[in-house]
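Asks: Generate coordinates for the sequence data below:
(chains A and B)
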Amino acid sequence: MTRMIADDVAVAAPVAAAAVDQPPRPPRNRRSWRRSAAPWLLLSPVILLSAAFIAAPVLSVFWNAMFERKLTEPWNDAFIGLEHFRFMLFEDPKFWPSLGFTAQWVLVEVVLQLIFGLIIALVVNEAFRGRGFWRALVFSPWAISGVLTTAIWILVYNPGTGIFRLLAEWGIGDGTQAVLVDPDSVFWAVVVAELWRGVPFFAIMLLAELQSAPKELYEAAAVDGAGRIKRFLHVTLPHLKTAIILTTLLRGVWEFNNVDLLLTMTNGGPAGMTTTLPLYVAQLATQAHDFGYGSALTVFAFLILLIVSIVYLKLTAFSREED
Amino acid sequence: MRKRTLRTAIAAGATAALVGGLVGCSAAAGEDGPVTLTFWDHSGNPTRAATYEELIAEFEAEHEDITIDFLTLPSDSAFEKIQTSLASGEAPDISSLSGTFLAPLTAQDALLPLDEQFAASELADQLDPALIDVMRQDARDGGLYALPYTLTNGLFWYRTDLWSEAGYPDGPATWDDFYAGAEELTDPSAGQYGFAMRGGAGGVFQFLQAMYAQSGVETLFDEQGVSTIDDPANVEAFEQYVGLYNTATSQADLGFGYPEMVAAFGSGAAATLQHNLGSYPEHEAALPGQFAAVPLPESEDGARVVIADPIPSFAVFEQTEHPEEAWEFLQFMLSESSNGALNETIGQIPSNLESRSEDWLTSSQSVSIASDWIEGEGVTILSAPTHLPDYGTIMRNDLEPELQRVLLGELAPADFLTLWADKMTEAQQAYLESSR
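Replies: Numbering: from 1, shown residues only, chains lettered A, B, ... in the order given. From the prediction side, this is the model:
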């Protein structure tokens, strides 16, 4: 803003001197206000929209977190400060289990998706007959909507029609396993479904990065006698480092916030065993209509994601790499 | 100079357009011309929606100056959509409400009181007074904010062929029949089970209905407002019912909500199902002529206790600009012929007493048996405690995961009932306190 005003003063003087026949100019203060206000006026639609649709909702969540706000008991609405956070940390029997499951879910999903995605990217990066077809095939789950993915996997796991019935017809098992309600199998059942959807993301991103790897490095490494494994460890992995950091961070945030698959496949069950923190928030909002406490949980989740992202980027020295 | 002025003008114009556009979004529509009423159906049921459309056409033909804008909402998100419409000032004029919606909506002052119009109308003599009482109980001030359109209660739907083969031609007439028959009809290797249990979404209420019917406990709360859910007779009944899981049901039943449970019955995988009259159309579509209904049997000592399902109703929203026309529509929907037509479609008992004498009621096996049961001698009809603002939260958020723990053997049935009773007692005490 300051620089604009200075430019205006510097440029305006000679122009004013040359324009003898022109009508009288508005006073300098008015002109400089116009010049400085124009960019802000042009930006104002974006600023207003951002304020209305991003900043205001986010701030309202922070604000509501300090209030008792339950649609079914409006007479209890009141400012309660940090009471929701005290309850959350020390009294809510569902909070810590849901947070623990969220951490387990994110860790397992991101690590397995990275491993399988990397393997697939390396395979389809090689030259072989029908590569285009296989690339399209392995990437296709990424193009399918979350609701369809869950519908497919619910059918696969359905004891009456799914894979276990098929196996039973082949003499393997009795076909009665309901993996989505069995505490021993439910975690891995939903992990596999989400892997099916998430692995292609890593494969696509890592394949794109692999294709930009300089061939000279591989040739030099080969000349130095490096085998496939050494070339992978000392050439491929360092080249993929930035992509891996970014994709794991993005996927970690997405998996943390995953609601659709778990809601549709298990609704957080059996007995709350697959309830993530965001799913718990969704249940509080849509079933209990408790927007005050739901906001407090959302604020906590936001802070966790913020802190974890900063620590992760620091630990991986991502910004230094970029510089 | 001109460029600068133009640039400023464009910027100012863009801002004005944006602000103007946003303001325009909330501008009210014109008041002239015929009245348009918005009517929302909470059920999301296409069969029911088709009947509503027929009734609406009939109403519009009789009232040329009133047009009905009809919308059917998905049942599992209807309450959220109504809440969103209230927050944005775009509530419908009229809506059907699930039995659990009324207490929170009256607590929010979202509905128009109907006491005066109702008292002065013919409906005062026609609608079942017991159901009107339930409507009043659900409102914190005891006012009348909604009018009931149907009544239903829990039944056993059973496959007539399978139960006949098992030696029970009339289906499960007693609790002993039910437990013995359900086990007898179970053959996991053939994918055949005696019973489809609702262990997932919405299941807790069905356990409540079965438990009180079997135990014969005749009140939900004692005089001090303490829940009777953990009464020893209830504990005994609950333990027996829970024992069916994974012996007379499939393992998957733990996650069954309404669609899965009905699909298990309709596909022939389960020989019996507990649900109210409302699922009749789906059974008829899947198993025409192969099923029948029996009431939940009476207790061992002959007590006949029925916990009626939460009562669905019609209500007019406080935000309406056409309360008189909305009341006109409400009267039409609850008249003898409309109420009868709607209930014939959904296979339930009409709230209009005059509609209950129509022929279709006696010719419908399920409706007539349910109707006879609740109108019989010595029956105790209990209303679901929908007057508690937290009723829905307790039944779904708090108890469903715990019920699944019971089915998994991780929580003792008696401990679960104690937990349940404590929550209901706490909610009832808070309700009584706030009512004072």
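
Asks: didn't residue A:316 look like it was pressed against residue A:243?
Replies: No - using Cβ atoms under 8 Å, residue A:316 is not in contact with residue A:243, being 11.9 Å away. C-betas here are computed from N, CA, C, even on glycine.

Asks: Name all residues that make contact with residue B:149.
Replies: By Cβ atoms under 8 Å, 6 or more residues apart in numbering or on different chains, the contact set of residue B:149 is B:96, B:312, B:313, B:314, B:333, B:334, B:339, B:342, B:343, B:350, B:351.

Asks: again, only this time at 10 Å
Replies: B:96-97, B:127, B:131, B:311-314, B:330, B:333-334, B:338-339, B:342-343, B:346, B:348, B:350-352 (Cβ atoms under 10 Å, 6 or more residues apart in numbering or on different chains).

Asks: So which of those are in helices?
Replies: Mapping the contacts of residue B:149 onto helices (DSSP state H) picks out B:131, B:330, B:333, B:338, B:339, B:342, B:343, B:346.

Asks: Which single residue of the stretch 51-200 of chain A ends up nearest chain B?
Replies: Nearest residue of the stretch 51-200 of chain A to chain B: residue A:178, at 3.6 Å (Cβ to the nearest Cβ).

Asks: Which pLDDT value does the model give the nearest residue to that residue once chain neighbours are set aside?
Replies: Counting by Cβ to Cβ, 6 or more residues apart in numbering or on different chains, residue B:252 is the residue found nearest to residue A:178 once chain neighbours are left out, at 3.6 Å. In this model, residue B:252 is scored at 94, pLDDT.

Asks: and if you look at residue A:8?
Replies: For residue A:8, the model assigns a pLDDT of 43.

Asks: Kindly report the residues of the stretch 101-250 of chain B close to chain A.
Replies: Proximity of the stretch 101-250 of chain B to chain A, by Cβ under 10 Å from any Cβ of the partner chain, involves residues B:103-105, B:107-110, B:140, B:188-189, B:191, B:193, B:199-201, B:246, B:250.

Asks: Kindly write the ChimeraX command that selects the buried subset of these.
Replies: Of these, the buried ones can be selected in ChimeraX as follows, counting by 16 or more other Cβ atoms under 10 Å in any protein chain shown:
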select /B:103,104,105,107,108,110,140,188,191,193,199,200,201,246,250
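
Asks: Sitting in helices, which of the residues of the stretch 101-250 of chain B next to chain A do you find?
Replies: Mapping these onto helices (DSSP H) picks out B:103, B:104, B:105, B:107.

Asks: and of the ones in helices among the contacts of residue B:149, the nearest to residue B:118?
Replies: residue B:330 (9.2 Å; Cβ to Cβ).

Asks: Leaving out sequence neighbours, find the closest residue to that closest one.
Replies: Using Cβ to Cβ, 6+ apart and skipping residues adjacent in sequence, the residue nearest residue B:330 is residue B:314, 5.5 Å away.

Asks: Now do the contacts for the one you found.
Replies: Counting by Cβ under 10 Å, 6+ apart, residue B:314 touches B:39, B:41, B:94-97, B:114, B:146-149, B:326, B:329-330, B:333-334, B:351.

Asks: Which residues of the stretch 151-300 of chain A lie near chain B?
Replies: Counting by Cβ under 10 Å from any Cβ, the stretch 151-300 of chain A sits next to chain B at A:154, A:157-161, A:165, A:168, A:174-183, A:186, A:265-273, A:275, A:280, A:283-291.

Asks: run the last query once more with 6 Å
Replies: A:159-160, A:176, A:178, A:180-181, A:269-272, A:283, A:286-288 (Cβ under 6 Å from any Cβ of the partner chain).

Asks: can you pick the most crowded of those residues?
Replies: Using other Cβ atoms under 10 Å in any protein chain shown as the neighbour criterion, residue A:181 leads these with 29 neighbours.

Asks: And residue B:201, how close does it get to residue A:267?
Replies: In this view, residue B:201 and residue A:267 are 6 Å apart by Cβ to Cβ, to the nearest Å.

Asks: Could you pull out the residues contacting both of the two?
Replies: Contact criterion Cβ atoms under 6 Å, 6 or more residues apart in numbering or on different chains; residues shared by residue B:201 and residue A:267: none found.

Asks: on that earlier part again, need the max-distance pair from the ones in helices among the contacts of residue B:149.
Replies: Among the ones in helices among the contacts of residue B:149, the pair separated by the greatest distance (Cβ to Cβ) is B:330 and B:346, at 18.0 Å.

Asks: where in the stretch 1-150 of chain B is pLDDT low?
Replies: Counting by pLDDT under 70, the ranges of the stretch 1-150 of chain B that qualify are B:1-33.
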